[in-house]
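>>> Sequence and computational prediction follow.
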Amino acid sequence: MTASTARPADPRVSVVIPARNEARNLEIILPKLPPVYEVILVDGNSVDDTIATAQRLMPDIRVVHQTRKGKGNALACGFEAVTGDVVVMFDADCSADPDEIPRFVQALRDGADVAKGTRYALGGGSDDITIVRNLGNRGLNVLCNLILGTRYSDLCYGYNAFWADTLPEIALLSSTLPQPADGSMRWGDGFEIETVLTCRWSAAELRIAEVPSHEKLRVHGSSNLNAVTDGIRVLKSIVHERRRSVDARSRAKVAALAGGSATTLPTAPVSPVDAPTGEIVAPTTSATVAARALEGDVV
């Protein structure tokens, strides 16, 4: 990225922590964080003392309120509030080791756009992953690498860091979009967010460095992760992101061939939001149709 030429040697680090009813875990983990530029707590409508506990332990913590539901939306809200140079995604349940944050930041200082945590590299590991989740994660990982042509070792791990100037490249859903009336989650608002981010980093051809990380056990409470339903959402994410990546590359090809022009074709009225995914989509253009033809898609 051209933005990397202006990146500071000593970046300001913003730690984004999504949390819902994590007061007891924050008591443990917040005091262990290394000194950073800012810590942003994204509260998911907690009914315990999550916010009060965070502010007592860290008076200068910034509190952001989640606008919809799901971990993906919480992270997107936190990312929008970031004012630092580097973003660190950090779970509130004590599973992430705060002592690893400098390791992630160093990978970025060494030239990576993204520092992707992995439990499967030398020096990494997990005290928490079950046999079923391990098998599912490995299977999804192999599938992702085959479909996207990547070489990730840990697709679904959520401990990552990246330069804040890459946020426009991944184009997450805006926090201002309303919650669907039926109470469902928009695409990318759930636990599939790690997969969505990973796929979009790859599609944007960002420089990604894998960083060994050891996942610890959650201390208090239970996870909202469901291995089956969330695994299905991850699988759908891989397919959806592949289609999105192909369309984007093809539009770029056709725009280049056409000198950068793309004429909108007349179509039947459609919602600006893709119903199956909740992702905002562009109207059909001549470039889109031609692009799909170039890629061999049926149009």
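Yep, it's here.

>>> least trustworthy helix or strand in the protein by mean pLDDT?
Lowest by mean pLDDT, DSSP states H and E among the helices and strands of the chain is helix 286-294, with a mean of 38.

>>> which non-adjacent residue is nearest the most centrally placed residue in the chain?
The centroid of the chain falls nearest to L197 when counting by Cα atoms, centre = their mean (3.8 Å). In this structure, L197 finds its nearest non-sequential neighbour in I170, 6.1 Å apart by Cβ to Cβ, 6 or more residues apart in numbering. Just so you know, the C-beta spots here come from the backbone N, C-alpha and C atoms, and that holds for glycine as well.

>>> Return the per-residue confidence for that neighbour.
pLDDT recorded at I170 is 89.

>>> How many neighbouring residues does it have?
For I170, the tally of surrounding residues (other Cβ atoms under 10 Å) stands at 20.

>>> Let me see the contact set for it.
The contact partners of I170, by Cβ atoms under 8 Å, 6 or more residues apart in numbering, come to V196, L197, R200, W201, A204.

>>> Which residues are in contact with the third one?
When the contact criterion is Cβ under 8 Å, 6+ apart, the partners of R200 are E169, I170, A171, E241.

>>> Buried only: go through these for me.
Listed as buried from the contacts of R200 are E169, I170, E241; burial here means 16 or more other Cβ atoms under 10 Å.

>>> Just to check, the first one is in contact with L206?
Read that as E169. Yes - counting by Cβ atoms under 8 Å, E169 does reach L206; the two are 6.7 Å apart.

>>> ok, and for stretch 198-206, which residues are buried?
Here stretch 198-206 shows T198, C199, R200, W201, S202, A203, A204, L206 as buried, counting by 16+ other Cβ under 10 Å.

>>> the strands in the stretch 1-150 of the chain, which residues?
13-19, 38-43, 62-65, 86-89, 114-118, 125-126 (DSSP state E, counting those that start in this stretch).

>>> Just the CA coordinates for the longest one, please, in CSV.
Spelled out, it's strand 13-19. Output in CSV follows, covering the C-alpha atoms of strand 13-19 (Å, rounded to 0.1, in the frame of the first residue of the first chain):
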residue,chain,number,x,y,z
VAL,A,13,-1.7,1.6,19.3
SER,A,14,-5.5,1.4,19.7
VAL,A,15,-6.8,-1.7,21.4
VAL,A,16,-10.5,-2.5,20.6
ILE,A,17,-12.3,-4.7,23.1
PRO,A,18,-15.8,-5.9,22.3
ALA,A,19,-17.6,-6.9,25.5
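
>>> what is the orientation angle of that strand with strand 38-43?
Strand 13-19 and strand 38-43 are oriented at 20 degrees to each other (axes from the mean of the first three to the mean of the last three Cα atoms, to 10 degrees).

>>> Listing partners with orientation, what would you give for strand 13-19?
With DSSP bridges as the test, strand 13-19 is paired with strand 38-43 (parallel), strand 86-89 (parallel).

>>> thought A92 was touching L26?
Yes - counting by Cβ under 8 Å, L26 is a contact partner of A92 at 5.9 Å.

>>> which residues do the two both contact?
A19, L41.

>>> how close does M58 get to I129?
M58 is 29 Å from I129, where distance means Cβ to Cβ, to the nearest Å.

>>> my bad, K253
Counting by Cβ to Cβ, the gap from K253 to I129 is 40 Å.

>>> and if you look at L140?
Where I129 is concerned, L140 sits at a distance of 13 Å (Cβ to Cβ).

>>> Next, show the common contact partners of these two.
Common neighbours of L140 and I129 (Cβ under 8 Å, 6+ apart) do not exist.

>>> tell me the mean pLDDT over the helix ranked longest in the chain?
Longest helix in the chain, counting residues (DSSP state H): helix 227-257. Helix 227-257 shows a mean pLDDT of 74.

>>> what helices or strands is it leaning on?
Counting contacts by 3 or more Cβ pairs under 8 Å, 6 or more residues apart in numbering; DSSP states H and E, helix 227-257 is packed against helix 131-148, helix 193-203, helix 286-294.
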